[in-house]
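Colleague: mind folding the following:
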Amino acid sequence: MRKFAIGAALVASLVGVAGFSTSSRADTGQVAVVFTKGGFIVGVGGGEGVLLYRGHKYPFTVSGMSVGLTVGASTTKFVGRALNLKGPASIEGSYAVGGAGGAVAAGAGAVQLQNSNGVILQLSGPKIGAEVSAAVGGVTIRLK
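Modeller: The predicted structure follows:
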């Protein structure tokens, strides 16, 4: 009988913890970004985007810089998902490109980025222009 009481108490405490964790559940949003980059050695870029989250549109700006081998100029139209959103403001912040825990390039026109809020951007799209880059840098997103 004592084992049953301990088991029931354990199940009740786990159910209580599970109930609290659902209120802080992260959401997914859709993202569209147009980013233009150019340079020689030091690359500088910028653009604009829109986060579609829970039926609302949140415009934002994107700025970035890279240091390393960058030659040429290009414009990329990215579309994809923003994972682990805890609200539209959680998309803001710095996303490291080429740094530990920051970004993983998945081929031409595809990238996965993560900021300090835990938001992961999975983006892909066609690149227009000619640019070769083997650089380390990052981008910053700010809501308008």
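Colleague: could you use CA atoms for every contact and neighbour count after this?
Modeller: OK.
Colleague: for the residue nearest to A110 when sequence neighbours are not counted, which residues are in contact?
Modeller: Distance criterion Cα to Cα, 6 or more residues apart in numbering; nearest residue to A110, sequence neighbours excluded, is S124 at 4.0 Å. Residues near S124 by Cα atoms under 8 Å, 6 or more residues apart in numbering: 77-80, 109-111.
Colleague: narrow those residues to those that are buried.
Modeller: Those of those that meet the buried threshold are 77-80, 110-111, by 16 or more other Cα atoms under 10 Å.
Colleague: could you export the residues you listed as TSV, including pLDDT, secondary structure and distance to F35?
Modeller: Formatted as TSV, those follow (pLDDT from 0 to 100; DSSP: H, G, I helix; E, B strand; the rest coil; distance: Cα to Cα, whole Å):
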residue	pLDDT	secondary structure	distance to F35
K77	86	strand	7
F78	87	strand	8
V79	93	strand	11
G80	94	strand	14
A110	75	strand	13
V111	79	strand	13
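Colleague: now, among the residues you listed, which is nearest to A32?
Modeller: For the buried ones among the contacts of S124, the residue nearest A32 by Cα to Cα is V79; the value is 4.4 Å.
Colleague: who does the residue nearest to the closest one when sequence neighbours are not counted form a beta bridge with?
Modeller: Nearest residue to V79, sequence neighbours excluded (Cα to Cα, 6+ apart): A32, at 4.4 Å. With beta bridges defined as DSSP bridges, A32 has these partners: V50, V79.
Colleague: A32 reaches V50, doesn't it?
Modeller: Yes - between A32 and V50 there is a contact at 5.5 Å, judged by Cα atoms under 8 Å.
Colleague: doesn't S90 belong to a helix?
Modeller: Yes - counting by DSSP: H, G, I helix; E, B strand; the rest coil, S90 falls inside a helix.
Colleague: so the residue nearest to it when sequence neighbours are not counted, which of the three states?
Modeller: Closest residue in space to S90, ignoring its immediate chain neighbours: N117 at 6.1 Å, by Cα to Cα, 6+ apart. Secondary structure, three-state DSSP: N117 is coil.
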